[in-house]
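# The sequence and its predicted three-dimensional model are supplied below.
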Amino acid sequence: MDATEIAPRLWRWTAPHPDWEPGAEPESVGDWPEEVGSVLFESRDGVAVVVDPQLPRDPEPFWPWADDRVGDRPVHVVSTLRWHGRSRDAFAARYAAADGPPSDVELLPFPRLEETIVWLPEPQALVPGDRIVGAPGGGGLRLCPQSWLGFGAERPTVDEMRELLRPLLDLPVERVLVSHGEPVLVGGRDALRGALSAGS
């Protein structure tokens with residue numbers, strides 16, 4: 001069970017994605033690490049929020065850990081993109097559903113990018129799906145490749161995505177818990193600014 005407490009009541013774990021295939025062409029739609037990140041946040045409103053959950057290959061050791069975090073809270077599951085269903089159904093089957101996100105969780109929709117980014121104000125953590133990813137080698141952020149933007153009707157360019165995401169710099173971001181790659185745990189706003197710079 002690979003889980004880390006990032007801040008009080010905020011956890012991130014990684015698990016291999018079953019659809020991952022080795023040997024993808026760099027910058028292609030299949031060019032992402034096998035291990036993907038998921039987030040669990042124990043809100044102060046009595047709701048547990050789970051973002052893009054992916055169960056490990058053997059879920060048996062995972063469920064007792066998740067049960068301890070969730071307790072008797074209802075669970076709100078967020079899929080940041082429509083193709084990030086992952087293990088959403090398994091969580092929905094196991095836990096009572098919350099009516100919606102709690103007051104200390106903000107959902108930031110970006111319709112042209114087909115993504116909803118999660119903002120957790122108290123731990124100052126941003127949880128993106130595919131549009132912001134870990135930089136190769138760790139230690140930073142980058143925007144996703146153009147090939148990842150070809151699924152929706154809008155099909156924005158990377159430059160358009162950069163402008164659409166720029167308002168995120170108005171947030172006091174300290175942590176960026178990416179789904180793909182290594183998370184940024186300190187200096188998140190600076191790392192985000194670097195990813196949104198032209199030519200990044």
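Cool, got the structure.
# show me what contacts residue 121?
Residue 121 makes contacts with 104, 106, as judged by CB atoms under 8 Å, 6 or more residues apart in numbering. (C-beta placed from N, C-alpha, C; glycine too.)
# Phi first, then psi, for it.
phi -60, psi -40 (degrees, to the nearest 10).
# And it, how close does it get to residue 97?
23 Å (CB to CB, to the nearest Å).
# swap in residue 83?
According to CB to CB, residue 83 stands 21 Å off from residue 97.
# Doesn't residue 182 belong to a strand?
No. According to DSSP: H, G, I helix; E, B strand; the rest coil, residue 182 belongs to no strand; its state is coil.
# Verify the stated contact: it with residue 134.
Yes. Using CB atoms under 8 Å, residue 182 is in contact with residue 134, at 4.3 Å.
# okay, the two: which has more neighbours?
Using other CB atoms under 10 Å as the criterion, residue 182 and residue 134 rank with residue 134 on top: 24 against 19.
# Touching, the more buried one and residue 140? I think so.
Yes. The pair residue 134 / residue 140 is scored as a contact, 7.4 Å apart, by CB under 8 Å.
# what's the overlap in contacts for those two?
Any residue near both residue 134 and residue 140 by CB under 8 Å, 6+ apart counts here, and that gives residue 184.
# could you pull out the helices for this protein?
Taking DSSP state H as the test, the helices found in the chain are 62-70, 88-94, 158-165, 188-196.
# Which of these has the highest mean neighbour count?
Using mean count of other CB atoms under 10 Å, the stretch among those with the largest mean neighbour count is helix 188-196, at a mean of 19.
# So which other helices or strands are in contact with that one?
strand 125-127, strand 141-143, strand 175-176 (3 or more CB pairs under 8 Å, 6 or more residues apart in numbering; DSSP states H and E).
# do that again at 6 Å, thanks
When contacts are defined as 3 or more CB pairs under 6 Å, 6 or more residues apart in numbering; DSSP states H and E, helix 188-196 packs onto strand 141-143.
# which residues touch the strand it packs on?
The set of residues external to strand 141-143 that reach it, using CB atoms under 6 Å, 6 or more residues apart in numbering, is 132, 135, 158, 176, 184, 191, 195.
# In the residues you listed, find the pair that's most separated.
Greatest spacing in these, by CB to CB: 158 and 184 (19.6 Å).
# any weak-confidence spans in this structure?
For the chain, the stretches with pLDDT under 70 are 1, 20, 28-32, 151-154, 198-200.
# same thing but 90
Under the criterion pLDDT under 90, the flagged ranges of the chain are 1-3, 16-36, 81-88, 99-100, 130, 136-139, 147-156, 198-200.
# now residue 184: how far from residue 63?
With CB to CB as the criterion, residue 184 and residue 63 are 29 Å apart.
# Check which residues of stretch 16-30 are buried.
Buried residues in stretch 16-30, counted by 16 or more other CB atoms under 10 Å: residue 17.
# residues making contact with it?
Under CB under 6 Å, 6+ apart, the answer for stretch 16-30 is 31, 34-36, 145, 147.
# Not counting residues beside it along the chain, what's closest to residue 118?
Leaving aside its sequence neighbours, residue 118 sits nearest to residue 127 (CB to CB, 6 or more residues apart in numbering; 3.9 Å).
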